[in-house]
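1. Provided below for reference: sequence and predicted model.
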Amino acid sequence: KRRICCQTNYAKYFGGVTGINEGTITNATNSGNINASGASYVGGIAGQNDGTLSGAGNKGKVTGKDYVGGVAGLNTKDIIGKDNNNIINIIGIKNEGTVIAKAGGAGGIFGKNEADIQYAELSNSGTVTGTAGTTGTGGIFGENTGSIKYSSLKNEVKGKVSGVNNVGGLIGINSGTIEGGRDEASHYYKYQIYNNGTITATGNGSNIGGLIGKNTGKLTAGYNTGNIAASGSTNVG
């Protein structure tokens, strides 16, 4: 448990474990405070993840400028919970802490995800706050361009997401493909895509959604039961 601090306006890549991960991180949890309010790509575990992330969590307070995530500011590496022998091992990644972007977007798990994810469960029960700007804020990802299937994305009932523009219970801005659905063997909805938390628009912005703030991609089998408070905003759903 430690405190990481940075106020430099041009700083990048701050994390509770590493600035940039190019190796393997397994079942790591951050419970300290990371204060890098002048930096881009800030995360509870890594500022940027380019390596293997096999289980991770955040319980601390993570503050950055933009692209801020409870686990990583930017994820570029595929997360696949399946080994070479085709054995499935669901990878758990969760945020229970506080994530704040002072001048941009934030995500409970990743500020931005650019990779494919399979056989994983990503959940947020913490507080995620973004500010004005064109980036996105979401309970799981601020922005997503990756393909996600055989996985669950959950913003739980205690999960609180707030921002001005492009705010979603799960994802602020999505151009990727997300597929929820049934398990092939049992037909039970094993891969769940939902928001049960609260979404709040904190200014006169736009694109506020229970699941996604702004979507140009594809989502299959998701649902929202959370409250949305956005009386001063446009494009609210």
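-> Everything's here; your move. Residues are numbered from 1 along each chain as shown.
2. Sheet-wise, list the partners of whichever helix or strand residue 123 is part of with their directions.
-> Using DSSP states H and E, the element containing residue 123 is strand 120-124. Sheet pairing for strand 120-124, assigned by DSSP bridges, gives strand 91-95 (parallel), strand 152-155 (parallel).
3. Export those as TSV, with columns for distance to residue 45.
-> In this view, the C-beta of every residue, glycine as well, is placed from N, C-alpha and C. Listed next are these as TSV, based on distance: least, C-beta to C-beta, whole Å:
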stretch	distance to residue 45
strand 91-95	9
strand 152-155	18
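4. closest to residue 193 out of these?
-> strand 152-155 (5.1 Å; C-beta to C-beta).
5. Let me see the mean pLDDT of the closest one.
-> Taken as a whole, strand 152-155 has an average pLDDT of 98.
6. repeat for stretch 110-127
-> 98.
7. same question, stretch 223-232
-> 96.
8. which residues are in contact with the strand holding residue 123?
-> 70, 79, 81, 90-95, 108-109, 139-140, 151-156, 159, 197 (C-beta atoms under 8 Å, 6 or more residues apart in numbering).
9. now do 7 Å
-> 79, 81, 90-95, 108-109, 139-140, 151-156, 159 (C-beta atoms under 7 Å, 6 or more residues apart in numbering).
10. do stretch 187-194 as well
-> 150-154, 178, 180-183, 219, 221-224.
11. Narrow those to those that are buried.
-> Buried members of these, counted by 16 or more other C-beta atoms under 10 Å: 150, 151, 152, 153, 154, 178, 180, 181, 219, 222, 224.
12. Output the below-cut-off pLDDT ranges for this protein.
-> Applying pLDDT under 70 to the chain flags the ranges 1-9.
13. one more time with 50
-> 1-2, 8 (pLDDT under 50).
14. which ones among the contacts of stretch 187-194 are found in helices?
-> Using DSSP state H, no member of the contacts of stretch 187-194 sits in helices.
15. from these, which is closest to residue 132?
-> residue 224 (24.1 Å).
16. Quick check: that closest one touching residue 208?
-> No - using C-beta atoms under 7 Å, residue 224 makes no contact with residue 208, being 11.7 Å away.
17. so what's residue 172 up against?
-> Shown in contact with residue 172 (C-beta under 7 Å, 6+ apart): 105, 136, 137, 138, 142, 143, 166, 213.
18. I'd like those residues as JSON lines, with secondary structure appended.
-> Output for those, formatted as JSON lines (DSSP: H, G, I helix; E, B strand; the rest coil):
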{"residue": "105", "secondary structure": "coil"}
{"residue": "136", "secondary structure": "coil"}
{"residue": "137", "secondary structure": "strand"}
{"residue": "138", "secondary structure": "strand"}
{"residue": "142", "secondary structure": "strand"}
{"residue": "143", "secondary structure": "strand"}
{"residue": "166", "secondary structure": "coil"}
{"residue": "213", "secondary structure": "strand"}
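19. Tell me the one among the residues you listed nearest to residue 235.
-> Once C-beta to C-beta is applied, the member of these that ends up nearest residue 235 is residue 213, at 8.6 Å.
20. For the closest one, give me its contacts.
-> 136, 138, 166, 167, 168, 172, 173, 207.
21. go on, residue 175?
-> Counted by C-beta under 7 Å, 6+ apart, residue 175 has contacts 145, 216, 217.
22. give me that answer again for 8 Å
-> Residue 175 neighbours (C-beta under 8 Å, 6+ apart): 144, 145, 215, 216, 217.
23. Residue 134: what's its closest spatial neighbour, skipping adjacent residues?
-> Nearest non-adjacent residue to residue 134, counting by C-beta to C-beta, 6 or more residues apart in numbering: residue 165, 6.7 Å away.
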